[in-house]
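Peer 1: Based on what follows, work out the 3D shape:
(one chain, ligands or ions: 1)
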Amino acid sequence: MSKTFKAACVQNCATADVAHNTAATLELMREAAAQGASLIALPEYFSGLEGIDGLLHPAAFPEQDHPVLPAFSEEARKLGVWILLGSLGVKSDDGRIFNRSYLLDASGAIVARYDKIHMFDVNLGAGEIYRESATVAPGSEAVLAQTPWGGLGLTVCYDLRFAPLYRTLAKAGATMLAVPAAFTKVTGEAHWHVLNRARAIEHGCFVIAPCQYGTLSGGSECFGHSLIVDPWGNVLADGGNGPGVIVAEIDPEAVVRARGKIPALEHDRAITFRRTGREEPKSAAE
Ligand SMILES: O=C(O)CNC(=O)[C@H](CS)NC(=O)CCC(=O)C(=O)O
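Peer 2: Here you go, the predicted structure:
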(Lines give C-alpha, C1' and ligand atoms only; values in the text may rest on other atoms or scores of the structure.)
Protein backbone atom coordinates (compact mmCIF):
# COMPACT_ATOMS: atom_id res chain seq x y z
CA MET A 1 0.00 0.00 0.00
CA SER A 2 1.36 3.44 -0.93
CA LYS A 3 2.57 5.84 1.73
CA THR A 4 0.77 8.84 3.23
CA PHE A 5 1.12 12.12 1.34
CA LYS A 6 -0.42 15.60 1.29
CA ALA A 7 -2.96 16.69 -1.31
CA ALA A 8 -4.10 20.28 -1.86
CA CYS A 9 -6.93 22.12 -3.56
CA VAL A 10 -6.41 25.60 -4.96
CA GLN A 11 -9.49 27.82 -4.79
CA ASN A 12 -9.63 30.75 -7.21
CA CYS A 13 -12.12 32.98 -9.01
CA ALA A 14 -11.44 33.13 -12.75
CA THR A 15 -11.80 36.54 -14.39
CA ALA A 16 -11.91 37.25 -18.13
CA ASP A 17 -8.14 37.69 -18.07
CA VAL A 18 -6.47 34.30 -18.69
CA ALA A 19 -3.00 35.66 -17.93
CA HIS A 20 -4.18 37.04 -14.56
CA ASN A 21 -5.92 33.75 -13.66
CA THR A 22 -2.83 31.75 -14.63
CA ALA A 23 -0.53 33.91 -12.49
CA ALA A 24 -2.95 33.81 -9.53
CA THR A 25 -3.33 30.03 -9.58
CA LEU A 26 0.43 29.50 -9.99
CA GLU A 27 0.94 31.64 -6.89
CA LEU A 28 -1.57 29.61 -4.88
CA MET A 29 0.03 26.39 -6.14
CA ARG A 30 3.40 27.52 -4.79
CA GLU A 31 1.72 28.15 -1.43
CA ALA A 32 0.34 24.60 -1.49
CA ALA A 33 3.74 23.15 -2.38
CA ALA A 34 5.30 25.14 0.46
CA GLN A 35 2.82 23.42 2.81
CA GLY A 36 4.13 20.04 1.63
CA ALA A 37 1.51 19.08 -0.95
CA SER A 38 2.66 16.49 -3.51
CA LEU A 39 -0.59 16.53 -5.51
CA ILE A 40 -2.22 19.91 -6.18
CA ALA A 41 -5.70 20.11 -7.74
CA LEU A 42 -7.09 23.19 -9.52
CA PRO A 43 -10.80 23.91 -10.22
CA GLU A 44 -12.75 23.52 -13.45
CA TYR A 45 -11.86 26.30 -15.94
CA PHE A 46 -9.40 27.70 -13.42
CA SER A 47 -7.72 29.77 -16.17
CA GLY A 48 -10.95 31.43 -17.15
CA LEU A 49 -13.85 31.46 -19.57
CA GLU A 50 -15.94 34.07 -21.26
CA GLY A 51 -19.68 34.15 -20.75
CA ILE A 52 -21.39 35.67 -23.78
CA ASP A 53 -25.25 35.81 -23.96
CA GLY A 54 -25.24 33.36 -21.04
CA LEU A 55 -23.30 30.76 -23.05
CA LEU A 56 -19.82 29.60 -22.24
CA HIS A 57 -17.09 30.61 -24.65
CA PRO A 58 -13.97 29.68 -22.70
CA ALA A 59 -10.71 31.09 -23.93
CA ALA A 60 -10.27 27.85 -25.80
CA PHE A 61 -7.38 26.75 -27.99
CA PRO A 62 -6.30 23.54 -29.74
CA GLU A 63 -4.45 21.49 -27.14
CA GLN A 64 -1.10 21.78 -28.88
CA ASP A 65 -1.37 25.59 -28.90
CA HIS A 66 -2.93 26.06 -25.47
CA PRO A 67 -1.10 29.02 -23.85
CA VAL A 68 -1.78 27.74 -20.32
CA LEU A 69 -0.45 24.17 -20.46
CA PRO A 70 3.31 24.96 -20.80
CA ALA A 71 3.29 27.27 -17.76
CA PHE A 72 1.81 24.57 -15.52
CA SER A 73 3.95 21.81 -16.98
CA GLU A 74 7.02 23.90 -16.15
CA GLU A 75 5.69 24.65 -12.65
CA ALA A 76 5.03 20.97 -11.92
CA ARG A 77 8.63 20.22 -12.87
CA LYS A 78 10.06 23.13 -10.85
CA LEU A 79 8.04 22.30 -7.75
CA GLY A 80 8.36 18.52 -8.22
CA VAL A 81 4.63 18.03 -7.70
CA TRP A 82 1.76 16.37 -9.52
CA ILE A 83 -0.90 18.82 -10.73
CA LEU A 84 -4.52 18.16 -11.61
CA LEU A 85 -5.44 20.94 -14.06
CA GLY A 86 -9.16 20.87 -13.16
CA SER A 87 -10.11 21.70 -16.72
CA LEU A 88 -9.27 23.85 -19.70
CA GLY A 89 -11.38 24.71 -22.72
CA VAL A 90 -9.74 22.84 -25.62
CA LYS A 91 -11.03 23.21 -29.15
CA SER A 92 -12.85 20.16 -30.49
CA ASP A 93 -13.29 19.46 -34.19
CA ASP A 94 -17.01 20.29 -34.21
CA GLY A 95 -16.56 23.98 -33.48
CA ARG A 96 -17.25 23.47 -29.81
CA ILE A 97 -14.72 22.75 -27.06
CA PHE A 98 -13.90 19.93 -24.70
CA ASN A 99 -14.10 20.67 -20.98
CA ARG A 100 -10.83 18.75 -20.52
CA SER A 101 -9.09 17.83 -17.26
CA TYR A 102 -5.36 17.08 -17.27
CA LEU A 103 -3.14 15.25 -14.80
CA LEU A 104 0.54 16.30 -14.93
CA ASP A 105 3.24 14.26 -13.19
CA ALA A 106 6.22 15.78 -11.32
CA SER A 107 8.21 15.98 -14.56
CA GLY A 108 5.45 18.14 -16.07
CA ALA A 109 4.33 15.43 -18.50
CA ILE A 110 0.61 14.97 -19.26
CA VAL A 111 -0.12 11.50 -17.86
CA ALA A 112 -3.92 11.57 -18.26
CA ARG A 113 -6.68 13.60 -19.91
CA TYR A 114 -10.42 13.37 -19.27
CA ASP A 115 -13.26 15.11 -21.15
CA LYS A 116 -16.25 15.97 -18.93
CA ILE A 117 -19.06 13.56 -19.79
CA HIS A 118 -22.20 15.12 -18.29
CA MET A 119 -23.31 18.49 -19.66
CA PHE A 120 -24.82 21.06 -17.30
CA ASP A 121 -27.98 21.89 -19.29
CA VAL A 122 -30.27 23.08 -16.51
CA ASN A 123 -32.70 25.85 -15.59
CA LEU A 124 -32.28 26.78 -11.93
CA GLY A 125 -35.09 29.34 -12.09
CA ALA A 126 -34.82 33.09 -11.52
CA GLY A 127 -33.23 33.36 -14.96
CA GLU A 128 -30.26 31.14 -14.04
CA ILE A 129 -30.11 28.95 -17.16
CA TYR A 130 -27.10 26.91 -18.33
CA ARG A 131 -26.70 25.17 -21.67
CA GLU A 132 -23.21 23.74 -21.44
CA SER A 133 -23.81 21.45 -24.42
CA ALA A 134 -24.30 24.53 -26.63
CA THR A 135 -20.54 25.14 -26.49
CA VAL A 136 -19.04 21.97 -25.00
CA ALA A 137 -18.71 18.58 -26.74
CA PRO A 138 -19.21 15.83 -24.12
CA GLY A 139 -16.68 13.10 -23.49
CA SER A 140 -17.73 9.46 -23.26
CA GLU A 141 -14.91 7.61 -21.48
CA ALA A 142 -14.17 7.28 -17.76
CA VAL A 143 -10.46 7.76 -17.02
CA LEU A 144 -8.47 6.23 -14.14
CA ALA A 145 -4.96 7.64 -13.75
CA GLN A 146 -2.18 5.76 -11.95
CA THR A 147 -0.28 7.89 -9.41
CA PRO A 148 2.46 7.04 -6.85
CA TRP A 149 -0.33 6.98 -4.23
CA GLY A 150 -2.89 4.84 -6.03
CA GLY A 151 -5.57 5.16 -8.69
CA LEU A 152 -7.08 8.63 -9.22
CA GLY A 153 -10.48 8.72 -10.95
CA LEU A 154 -10.93 11.85 -13.08
CA THR A 155 -14.32 13.62 -13.20
CA VAL A 156 -15.49 17.27 -13.58
CA CYS A 157 -18.18 19.28 -11.77
CA TYR A 158 -21.68 18.23 -12.90
CA ASP A 159 -20.35 14.63 -13.26
CA LEU A 160 -20.63 14.57 -9.45
CA ARG A 161 -24.37 13.90 -9.75
CA PHE A 162 -23.91 10.66 -11.70
CA ALA A 163 -22.96 7.92 -9.24
CA PRO A 164 -22.42 5.17 -11.88
CA LEU A 165 -19.37 7.06 -13.18
CA TYR A 166 -17.77 6.89 -9.71
CA ARG A 167 -18.76 3.23 -9.28
CA THR A 168 -17.05 2.46 -12.60
CA LEU A 169 -13.90 4.28 -11.45
CA ALA A 170 -13.87 2.65 -8.00
CA LYS A 171 -14.38 -0.83 -9.47
CA ALA A 172 -11.54 -0.11 -11.90
CA GLY A 173 -9.26 0.58 -8.92
CA ALA A 174 -9.71 4.23 -7.94
CA THR A 175 -8.93 4.98 -4.28
CA MET A 176 -9.08 8.75 -4.91
CA LEU A 177 -11.70 10.69 -6.91
CA ALA A 178 -11.05 14.14 -8.39
CA VAL A 179 -14.00 16.53 -8.72
CA PRO A 180 -12.66 19.88 -9.98
CA ALA A 181 -15.65 22.21 -10.24
CA ALA A 182 -17.24 25.60 -10.76
CA PHE A 183 -20.38 24.58 -8.88
CA THR A 184 -23.05 27.26 -8.79
CA LYS A 185 -23.76 29.01 -5.49
CA VAL A 186 -27.42 27.98 -5.63
CA THR A 187 -26.75 24.26 -6.07
CA GLY A 188 -23.57 24.34 -4.05
CA GLU A 189 -25.44 25.49 -0.95
CA ALA A 190 -27.96 22.70 -1.45
CA HIS A 191 -25.91 19.76 -2.75
CA TRP A 192 -22.09 20.20 -2.90
CA HIS A 193 -21.14 18.82 0.52
CA VAL A 194 -23.62 15.95 0.58
CA LEU A 195 -22.77 14.78 -2.96
CA ASN A 196 -19.02 14.81 -2.39
CA ARG A 197 -19.40 13.03 0.97
CA ALA A 198 -21.74 10.48 -0.65
CA ARG A 199 -19.25 9.65 -3.43
CA ALA A 200 -16.52 9.20 -0.82
CA ILE A 201 -18.69 6.98 1.43
CA GLU A 202 -20.23 4.87 -1.36
CA HIS A 203 -16.84 3.91 -2.74
CA GLY A 204 -14.48 4.13 0.26
CA CYS A 205 -12.45 6.70 -1.64
CA PHE A 206 -10.83 10.04 -0.89
CA VAL A 207 -12.55 12.89 -2.77
CA ILE A 208 -10.41 15.84 -3.82
CA ALA A 209 -12.79 18.59 -4.98
CA PRO A 210 -11.36 22.05 -5.81
CA CYS A 211 -14.11 24.55 -6.63
CA GLN A 212 -14.05 28.12 -7.90
CA TYR A 213 -15.63 30.83 -5.73
CA GLY A 214 -17.17 34.23 -6.41
CA THR A 215 -18.59 35.72 -9.60
CA LEU A 216 -16.97 34.41 -12.77
CA SER A 217 -16.43 36.50 -15.86
CA GLY A 218 -19.48 34.79 -17.37
CA GLY A 219 -21.55 36.18 -14.54
CA SER A 220 -22.33 32.97 -12.71
CA GLU A 221 -21.81 32.86 -8.97
CA CYS A 222 -19.63 29.96 -7.82
CA PHE A 223 -19.84 28.27 -4.44
CA GLY A 224 -16.22 27.85 -3.37
CA HIS A 225 -15.95 25.42 -0.41
CA SER A 226 -13.29 23.25 -2.06
CA LEU A 227 -13.31 19.95 -0.16
CA ILE A 228 -11.06 17.05 0.70
CA VAL A 229 -13.14 14.17 2.08
CA ASP A 230 -11.83 10.90 3.51
CA PRO A 231 -13.20 7.42 2.66
CA TRP A 232 -15.40 7.42 5.80
CA GLY A 233 -17.04 10.69 4.66
CA ASN A 234 -15.23 13.03 7.05
CA VAL A 235 -14.53 16.47 5.59
CA LEU A 236 -10.77 16.86 6.22
CA ALA A 237 -10.64 20.41 4.78
CA ASP A 238 -13.15 22.97 3.49
CA GLY A 239 -12.03 26.02 1.52
CA GLY A 240 -14.94 28.24 2.61
CA ASN A 241 -15.30 31.34 0.45
CA GLY A 242 -12.49 33.43 -1.04
CA PRO A 243 -9.11 32.67 -2.59
CA GLY A 244 -6.85 30.15 -0.94
CA VAL A 245 -5.47 26.69 -0.54
CA ILE A 246 -6.59 23.70 1.50
CA VAL A 247 -4.20 20.86 2.34
CA ALA A 248 -4.93 17.48 3.91
CA GLU A 249 -3.06 14.26 4.61
CA ILE A 250 -4.10 11.34 2.40
CA ASP A 251 -3.47 8.05 4.16
CA PRO A 252 -4.15 5.18 1.71
CA GLU A 253 -4.66 2.90 4.75
CA ALA A 254 -7.88 4.88 5.42
CA VAL A 255 -9.27 3.33 2.23
CA VAL A 256 -8.45 -0.16 3.51
CA ARG A 257 -10.04 0.58 6.90
CA ALA A 258 -13.26 2.05 5.43
CA ARG A 259 -13.66 -0.77 2.90
CA GLY A 260 -12.83 -3.33 5.61
CA LYS A 261 -15.81 -2.11 7.63
CA ILE A 262 -18.19 -1.55 4.68
CA PRO A 263 -17.15 -3.68 1.69
CA ALA A 264 -19.86 -2.14 -0.49
CA LEU A 265 -17.86 -2.52 -3.69
CA GLU A 266 -17.72 -6.29 -3.13
CA HIS A 267 -21.44 -6.45 -2.20
CA ASP A 268 -22.53 -4.57 -5.30
CA ARG A 269 -24.96 -6.74 -7.30
CA ALA A 270 -26.24 -6.56 -10.84
CA ILE A 271 -29.91 -5.50 -10.77
CA THR A 272 -32.59 -6.64 -13.23
CA PHE A 273 -35.90 -4.84 -13.73
CA ARG A 274 -39.37 -6.29 -14.21
CA ARG A 275 -42.51 -4.18 -14.58
CA THR A 276 -45.35 -5.62 -12.49
CA GLY A 277 -48.99 -4.86 -11.92
CA ARG A 278 -51.95 -5.12 -14.34
CA GLU A 279 -50.94 -4.33 -17.90
CA GLU A 280 -53.13 -1.56 -19.37
CA PRO A 281 -55.31 -3.18 -22.10
CA LYS A 282 -53.79 -2.37 -25.47
CA SER A 283 -56.15 -0.45 -27.74
CA ALA A 284 -57.09 -2.14 -31.03
CA ALA A 285 -55.09 0.49 -32.90
CA GLU A 286 -51.85 -0.55 -31.21
O1 LIG B 1 -20.83 28.48 -14.60
C2 LIG B 1 -19.76 28.81 -15.11
O3 LIG B 1 -19.54 29.90 -15.67
C4 LIG B 1 -18.66 27.79 -15.06
N5 LIG B 1 -19.27 26.49 -14.81
C6 LIG B 1 -19.23 25.59 -15.77
O7 LIG B 1 -18.64 25.75 -16.80
C8 LIG B 1 -19.94 24.32 -15.56
C9 LIG B 1 -20.83 24.10 -16.75
S10 LIG B 1 -21.93 25.44 -16.98
N11 LIG B 1 -20.71 24.35 -14.33
C12 LIG B 1 -21.26 23.24 -13.86
O13 LIG B 1 -21.18 22.16 -14.42
C14 LIG B 1 -22.01 23.44 -12.57
C15 LIG B 1 -22.58 22.15 -12.03
C16 LIG B 1 -23.36 22.47 -10.81
O17 LIG B 1 -23.29 23.54 -10.25
C18 LIG B 1 -24.29 21.44 -10.31
O19 LIG B 1 -24.23 20.28 -10.77
O20 LIG B 1 -25.08 21.82 -9.42
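
Peer 1: I'd assumed residue 83 was in contact with residue 42.
Peer 2: Yes: contact criterion CB atoms under 8 Å: residue 42 and residue 83 qualify, at 7.0 Å. Heads up, the C-betas are built off the backbone N, CA and C, glycines and all.

Peer 1: Those residues of the stretch 151-286 of the chain touching the ligand, which are they?
Peer 2: 157, 158, 161, 182, 183, 184, 187, 191, 216, 218, 220 (CB under 6 Å from any ligand atom).

Peer 1: Out of these, show me where the pLDDT dips lowest.
Peer 2: Among these, residue 218 carries the lowest pLDDT, at 70.

Peer 1: pretty sure it is in contact with residue 15, am I right?
Peer 2: No: taking CB under 8 Å as the definition, residue 218 is not a contact partner of residue 15, at 10.5 Å.

Peer 1: all strands of the stretch 1-150 of the chain, in order?
Peer 2: 5-11, 39-41, 50-52, 55-57, 82-91, 97-104, 110-115, 121-123, 129-131, 143-147, 150-154 (DSSP state E, counting those that start in this stretch).

Peer 1: just these: most buried one?
Peer 2: Counting by mean count of other CB atoms under 10 Å, strand 39-41 has the highest mean neighbour count of the strands of the stretch 1-150 of the chain, with a mean of 29.

Peer 1: Packing partners of it?
Peer 2: Judged by 3 or more CB pairs under 8 Å, 6 or more residues apart in numbering; DSSP states H and E, the packing partners of strand 39-41 are strand 5-11, helix 18-34, strand 82-91, strand 206-209.

Peer 1: Please pull out the lowest mean pLDDT helix or strand from the protein.
Peer 2: When each helix and strand of the chain is scored by mean pLDDT, DSSP states H and E, strand 50-52 comes last, with a mean of 41.

Peer 1: Next up, the contacts around residue 191.
Peer 2: For residue 191, the contact set (CB atoms under 8 Å, 6 or more residues apart in numbering) comprises residue 161.

Peer 1: what are the phi and psi values for it?
Peer 2: The phi and psi values for residue 191, taken as degrees, to the nearest 10, are phi -130, psi -20.

Peer 1: ok, residue 218 and residue 15, which is more surrounded?
Peer 2: Taking neighbours as other CB atoms under 10 Å, residue 218 and residue 15 compare with residue 218 leading, 20 against 15.

Peer 1: secondary structure class for that one?
Peer 2: coil (DSSP: H, G, I helix; E, B strand; the rest coil).

Peer 1: which regions of the stretch 1-150 of the chain lie under the pLDDT threshold?
Peer 2: 1, 50-60 (pLDDT under 70).

Peer 1: residue in it nearest to the ligand?
Peer 2: Nearest to the ligand in the stretch 1-150 of the chain, going by CB to the nearest ligand atom, is residue 120, at a distance of 3.4 Å.
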